[in-house]
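S.K.: Sequence first, then the predicted structure, then my questions.
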Amino acid sequence: MPPVFAHGRLRLYLLKLLDEAPRHGYEVIRLLEERFQGLYAPSAGTVYPRLAKLEAEGLVTHATEGGRKVYSITEAGRAELADRSGELADLELEIRDSVTELAAEMRDDVRGAAGDLRREMRAAASASQTRVEDESWKAAKEELRKARQEWKEQARRAKDESRRAREEAQQARRQAKEAQERAREEVQRIAGQLQEQFAKSGGVLGSLAGAWLGGSAPSATTAATATAPADTDWAGDLMPTGDPARDLDRLLDRFRDDVRDAARDHGVSAGQLARARADLGAAAARLTATLRALQ
């Protein structure tokens with residue numbers, strides 16, 4: 001039998017099933033059997049230890065209902081699903097392929113059984129011409145007809161599963177492309193809002209924006225009261241997520257928090273306010289131009 005789940009993939013699929021609804025272990029096993037159309041059903045020794053490991057990692061939790069553990073996904077589990085959404089789409093396609101391969105193995109088994117049956121029938125026919133053997137021949141032919149019909153049905157189901165898997169993969173690619181476009185538009189919208197807000201408010205945070213974004217250096221008064229980072233590893237603790245739009249949102253949040261803390265701790269003078277307006281306006285314009293140039 002070909003492997004149904006690659007290493008670590010059953011763990012991801014268990015999170016998907018629990019994200020759909022809370023379930024107890026037997027229900028998870030039954031759902032997996034249904035997804036594979038009865039061609040594969042994991043044992044309790046396969047599913048329960050993985051559920052326990054997920055719980056130990058803080059990705060699922062359980063409550064006892066009627067003497068049975070009912071597992072539910074946690075926020076940490078949903079976060080992992082979100083981070084691995086692309087891998088999950090690939091897993092769905094792999095499951096369809098596994099169903100096709102299992103059906104193919106069943107088809108080969110049916111063919112082998114049919115071949116053995118034909119050989120047995122020939123041997124019976126040559127050994128005796130009695131009426132009893134004639135009846136056995138008819139019964140064997142009927143069994144062969146049923147076996148062929150079953151093989152055709154299995155082949156049809158495998159073909160349908162393959163077609164559905166291709167359609168779902170195409171839909172997943174379209175959705176990923178649409179999400180990327182929406183993220184790009186959101187980044188542009190945020191940059192525009194920042195520029196507008198800075199222009200209206202007088203750019204209280206501008207003296208720090210120049211240092212952060214590589215613009216003109218702050219004045220001596222500003223440098224004495226601001227604490228903006230000067231090293232190139234600013235926000236280095238924010239690990240990349242693989243989604244540029246999301247990473248930019250996180251950087252903007254960090255920038256806003258750092259500058260607000262500096263303004264709160266040191267205050268803002270009238271001179272700093274005027275300088276901030278010019279610096280942040282220029283910084284916002286440069287960021288907007290950079291984002292548009294990357295389209």
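M.R.: Here it is on my side, so go on. Numbering: from 1, shown residues only.

S.K.: Tell me if I'm right that E87 and L15 touch.
M.R.: No. Using CB atoms under 8 Å, E87 makes no contact with L15, being 11.2 Å away. Heads up, the C-betas are built off the backbone N, CA and C, glycines and all.

S.K.: Those two: which is more packed in?
M.R.: L15 (19 against 12; other CB atoms under 10 Å).

S.K.: wait, what's in contact with the more buried one?
M.R.: L54, L59, V60, I73, G77, E80, L81 (CB atoms under 8 Å, 6 or more residues apart in numbering).

S.K.: Dihedrals phi and psi, it?
M.R.: Torsion angles at L15 (phi, psi; degrees, to the nearest 10) stand at phi -60, psi -40.

S.K.: Please identify the buried residues of the helix or strand A284 falls within?
M.R.: Using DSSP states H and E, A284 maps to helix 270-293. Within helix 270-293, the residues scored as buried using 16 or more other CB atoms under 10 Å are 272-273, 275-284, 287-288, 291.

S.K.: go on, stretch 40-54?
M.R.: Those would be Y40, P42, V47, Y48, R50, L51, L54, for stretch 40-54 by 16+ other CB under 10 Å.

S.K.: So what's the residue count around L39?
M.R.: L39: 20 surrounding residues under other CB under 10 Å.

S.K.: And the pLDDT for it?
M.R.: As predicted, L39 sits at a pLDDT of 76.

S.K.: mind checking the SS state of it?
M.R.: Following DSSP: H, G, I helix; E, B strand; the rest coil, L39 is assigned to coil.

S.K.: follow-up on the earlier one: so which of the buried residues of helix 270-293 is the closest to G66?
M.R.: Nearest to G66, judged by CB to CB, of those is L291 at 55.0 Å.

S.K.: Could you check how far the closest one is from P42?
M.R.: Counting by CB to CB, to the nearest Å, the gap from L291 to P42 is 47 Å.

S.K.: same question, A165
M.R.: The gap separating A165 from P42 is 20 Å, by CB to CB.

S.K.: what do you get for K69?
M.R.: 17 Å.

S.K.: same question, R286
M.R.: Using CB to CB, which is the criterion applied here, R286 is 55 Å from P42.

S.K.: swap in R189?
M.R.: For R189, the distance to P42 equals 46 Å [CB to CB].

S.K.: Next: L15.
M.R.: L15 sits at a distance of 15 Å from P42 (criterion: CB to CB).

S.K.: ditto for G86
M.R.: 24 Å.

S.K.: what sits against R68?
M.R.: H24, G25, Y26.

S.K.: Tell me which other helices or strands the longest helix anywhere in the chain touches.
M.R.: Longest helix of the chain, by residue count under DSSP state H: helix 131-201. Packing partners of helix 131-201 (3 or more CB pairs under 8 Å, 6 or more residues apart in numbering; DSSP states H and E): helix 85-127, helix 244-266, helix 270-293.

S.K.: Having no further points to raise, I will conclude here.
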